[in-house]
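Undergrad: What follows is a predicted protein model with its sequence.
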Amino acid sequence: MTTPHSRSTPHSQSLTDLAAIRERVAAQVVGRERELDLVMAAVVTGRDLILEGPPGTSKSTLLRAITAEWSIPLVLVEGNADLTPSRLVGHHNPSRVLREDYSADNFVDGPLLQAMRGGGFLYVEEFNRAPEDTIDTLLTAMAERVVTVPRVGSVVAAPTFRVVASMNPYDNVGTTRLSISVHDRMCRLVVDYQDAAAERDIVARHAESAPVRIVADAVAVTRATREHDAIRQGSSVRGAIDLALLTEQLCAMHRIEIPAAGTVEPPRDLPTDYTATFLDAMTVALSGRIHLDDTAFTTPEGVLTEIWEDHFALNPAAAKPG
């Protein structure tokens with residue numbers, strides 16, 4: 001069993017170095033200061049980690065920035081029924097086996113061994129969709145930092161190797177409940193959506209030419225999808241990015257004048273051609289990203305139209321319950 005202090009920190013950096021790295025990573029990730037601190041603290045102290053949160057909450061962005069600063073690989077793998085232990089660990093090249101028989105030289109590393117040998121982070125998305133025997137293989141790698149492969153031998157993980165997993169708490173279709181053994185070996189961090197100001201900043205970075213008015217409207221309606229009673233899971237900020245880009249292009253295509261920004265709340269006298277175009281863009285950008293409650297007797301388009309009316313047609317104060 002690995003003792004609490006037997007794993008090396010990434011590059012054995014000093015606290016001063018880590019503080020500087022933290023500042024550089026923070027400049028690349030919007031609105032994630034607390035999460036950055038906690039993730040860095042976990043991986044620097046040699047812990048494996050579960051990030052629990054909906055899609056589009058900067059989990060992979062955060063990990064890419066950290067591993068880039070440490071110059072170590074980030075190996076991504078999708079957790080699903082096809083992720084068998086052999087896919088995770090690796091396999092012998094069939095054509096070479098026919099010519100040479102089994103040997104260590106014709107073994108092709110899977111993502112787990114790639115991360116172990118390279119001292120990188122193995123990032124398993126949709127962790128709770130992976131088969132139980134695959135998760136057991138990961139448990140061995142996490143506990144022992146060694147994986148033994150028949151006809152190949154033992155692969156020892158480099159000191160900076162970590163397993164980071166993500167789970168979507170809203171998704172319970174095709175998922176399995178993780179065992180106590182998994183939770184006992186991994187730290188857990190809940191990652192929720194950023195606030196409205198941070199999401200406007202994210203959209204503005206990805207849709208650089210989109211006017212402020214479009215960015216504000218795109219973020220507002222996207223956030224509203226997360227609060228609607230008929231929606232089980234709303235759209236992430238990726239939906240707002242696509243919505244801003246689509247609206248901008250449609251307005252340019254039809255020579256529609258985009259209103260001035262003003263405040264983040266829309267003025268009551270927005271031109272009809274702009275609001276109608278925005279609704280079309282909403283339908284394309286968001287209808288596939290919202291997941292309705294099983295008891296909802298409506299369609300994604302119907303819910304989006306309701307959100308659009310609340311945002312553009314109703315007085316914001318009057319639109320609130322009570």
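TA: Arrived safely.

Undergrad: going forward, measure contacts and count neighbours with C-alpha atoms only.
TA: Noted.

Undergrad: which SS class is residue 54?
TA: Classification of residue 54 using DSSP: H, G, I helix; E, B strand; the rest coil returns coil.

Undergrad: Revised request: answer the last question for residue 128.
TA: Each residue gets one of three states, and residue 128 gets helix by three-state DSSP.

Undergrad: my read: it touches residue 79, true?
TA: Yes - in this structure residue 128 lies within contact range of residue 79 using CA atoms under 8 Å: 7.1 Å.

Undergrad: Okay, buried residues for stretch 298-312 please.
TA: 300, 301, 303, 304, 305, 307, 308, 310, 311, 312 (16 or more other CA atoms under 10 Å).

Undergrad: Repeat that for stretch 106-120.
TA: 106-107, 109-120.

Undergrad: all strands for the stretch 51-200 of the chain, in order.
TA: Here the stretch 51-200 of the chain has its strands, by DSSP state E, counting those that start in this stretch, at 74-78, 90-92, 107-109, 121-125, 146-149, 153-156, 162-167, 186-190.

Undergrad: Throw these into JSON lines and include distance to residue 203 and mean pLDDT, thanks.
TA: Putting the strands of the stretch 51-200 of the chain into JSON lines (distance: least, CA to CA, whole Å; pLDDT from 0 to 100) gives the following:
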{"stretch": "strand 74-78", "distance to residue 203": "24", "mean pLDDT": "96"}
{"stretch": "strand 90-92", "distance to residue 203": "39", "mean pLDDT": "86"}
{"stretch": "strand 107-109", "distance to residue 203": "38", "mean pLDDT": "90"}
{"stretch": "strand 121-125", "distance to residue 203": "23", "mean pLDDT": "96"}
{"stretch": "strand 146-149", "distance to residue 203": "42", "mean pLDDT": "92"}
{"stretch": "strand 153-156", "distance to residue 203": "42", "mean pLDDT": "92"}
{"stretch": "strand 162-167", "distance to residue 203": "23", "mean pLDDT": "94"}
{"stretch": "strand 186-190", "distance to residue 203": "23", "mean pLDDT": "95"}
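
Undergrad: before we move on, back to that, for the buried residues of stretch 298-312, which one is nearest residue 138?
TA: Of all the buried residues of stretch 298-312, residue 300 has the smallest distance to residue 138: 38.4 Å, by CA to CA.

Undergrad: distance of the nearest residue to that closest one once chain neighbours are set aside from residue 234?
TA: Excluding its sequence neighbours, the residue lying closest to residue 300 (CA to CA, 6 or more residues apart in numbering) is residue 287, at 5.4 Å. For residue 287, the distance to residue 234 equals 10 Å [CA to CA, to the nearest Å].

Undergrad: Likewise for residue 114?
TA: Per CA to CA, residue 114 is found 35 Å from residue 234.

Undergrad: try residue 79
TA: 22 Å.

Undergrad: quick check: domain ranges of the chain?
TA: By the assignment in automatic domain parsing, the chain contains the domains 10-190, 196-312.

Undergrad: weakest of those domains by average pLDDT?
TA: Among the domains of the chain, domain 10-190 carries the lowest mean pLDDT, at a mean of 88.

Undergrad: show me the contacts for residue 119.
TA: By CA atoms under 8 Å, 6 or more residues apart in numbering, the contact list for residue 119 reads 72, 73, 157, 158, 159, 160, 161, 162.
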